[in-house]
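Could you look at this predicted model? Sequence included:
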Amino acid sequence: MNTLPEKQPALSGSERGGHRLTVSCGQPVHTCPMPKLFTLPLRIETTMRKAAKVDRNQPEIVEALRRAGCSVQSLASIGKGCPDLIVGRDGQNFLIEVKDGAKVPSARKLTEDEKRWHENWSGQVSIIEDIDQALQLVSEGEAKE
């Protein structure tokens, strides 16, 4: 019968310049070499995405679309150029990138990520700047870019 050592450290000493990782899984202790690129103490860093920014006019556009009978889901937290909203009405879906029509034209341009996403997307995606454009898009029943 195999038994586990009483107290085995998670990381054991170095061996020929490398370290060994000891893992206990209720069975005999398993030891495997760690890549030399790790140094002790081992630090693990995670990258967190910044909070999604939404255009100033997006909440009012969402509210107007919902009042018009649309289903609306924000996609802003996805990032990486993905459009801001997916809107459903009468069995159709509309991907919508919201830009603030009150800003100067240069501030309404697509970001590099948005340009890349739009270029690679083979489906519908529309850019709107105000409530009227949003309602026109879904009322025509045809998604236009």
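Okay, I see it.

can you give me the helices in this structure?
The residue ranges that make up the helices of the chain, judged by DSSP state H, are 58-67, 112-120, 131-140.

right, and these - which one's nearest residue 84?
helix 58-67 (6.2 Å; Cβ to Cβ). Backbone N, C-alpha and C define where each C-beta goes, glycine included.

helices or strands next to the closest one in the packing?
Here helix 58-67 touches strand 71-74, strand 85-89, helix 131-140, going by 3 or more Cβ pairs under 8 Å, 6 or more residues apart in numbering; DSSP states H and E.

mind putting the helices of the chain in CSV, distance to residue 93 included?
As requested, the helices of the chain are exported to CSV (distance: least, Cβ to Cβ, whole Å):
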stretch, distance to residue 93
helix 58-67, 13
helix 112-120, 16
helix 131-140, 10
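
circling back: make JSON lines from the helices and strands packed on helix 58-67 and add mean pLDDT, distance to residue 109 and mean neighbour count to it.
As requested, those are exported to JSON lines (pLDDT from 0 to 100; distance: least, Cβ to Cβ, whole Å; neighbours: other Cβ atoms under 10 Å):
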{"stretch": "strand 71-74", "mean pLDDT": "96", "distance to residue 109": "21", "mean neighbour count": "14"}
{"stretch": "strand 85-89", "mean pLDDT": "96", "distance to residue 109": "19", "mean neighbour count": "19"}
{"stretch": "helix 131-140", "mean pLDDT": "94", "distance to residue 109": "17", "mean neighbour count": "17"}
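
For those, please prepare CSV with the additional fields distance to residue 60.
Written out in CSV, the entries for the helices and strands packed on helix 58-67 read as follows (distance: least, Cβ to Cβ, whole Å):
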stretch, distance to residue 60
strand 71-74, 12
strand 85-89, 13
helix 131-140, 6
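
Residue 108: which of these is closest?
Using Cβ to Cβ as the measure, helix 131-140 is the one of these that comes nearest residue 108, at 12.3 Å.
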